[in-house]
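> What follows is a predicted structure for the sequence shown.
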Amino acid sequence: MKQGIHPDNYRLVAFTDMSNGDTFITRSTVNTKDTVEIDGVEYPQVKLEISSTSHPFYTGKMKLVDTAGRVDKFMSRYQKHFDKRK
């Protein structure tokens with residue numbers, strides 16, 4: 001292994017999934033201004049939009065996120081195609 005190429009400022013950091021509130025703690029070098037207290041210990045906090053606890057690939061559940069009616073627009077456009085498959 002090459003010496004001196006890996007960061008040496010690893011510390012425990014709390015990553016919070018904002019879609020379901022799940023938090024996990026792991027070692028990281030990420031910089032953040034937010035902090036969170038877990039079990040009486042204060043950790044730097046990184047907020048995630050999605051993690052393995054909410055991603056459909058890992059959970060096995062499909063979740064449609066509708067932004068500005070895009071799902072409805074798609075469903076109305078291709079409704080005839082979906083009706084033929086039944």
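Received the coordinates, thanks. Residues are numbered from 1 along each chain as shown.

> Following element in sequence after the lowest-mean-pLDDT helix or strand in the chain, please.
Using mean pLDDT, DSSP states H and E, helix 56-59 stands out as the lowest-scoring helix or strand of the chain, at a mean of 60. Following helix 56-59 in sequence order, the next helix or strand is helix 70-77 (DSSP states H and E).

> roughly how far is that following helix from the heart of the chain?
25 Å (CA atoms, centre = their mean, to the nearest Å).

> Put the alpha carbons of that helix into PDB.
C-alpha atoms of helix 70-77 as PDB (Å, rounded to 0.1, in the frame of the first residue of the first chain):
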ATOM      1  CA  ARG A  70     -45.300  13.500 -13.200                       C
ATOM      2  CA  VAL A  71     -46.600  10.100 -12.200                       C
ATOM      3  CA  ASP A  72     -50.200  11.100 -12.900                       C
ATOM      4  CA  LYS A  73     -49.200  12.500 -16.300                       C
ATOM      5  CA  PHE A  74     -47.300   9.300 -17.200                       C
ATOM      6  CA  MET A  75     -50.200   7.100 -16.100                       C
ATOM      7  CA  SER A  76     -52.800   9.000 -18.100                       C
ATOM      8  CA  ARG A  77     -50.600   9.000 -21.200                       C
END
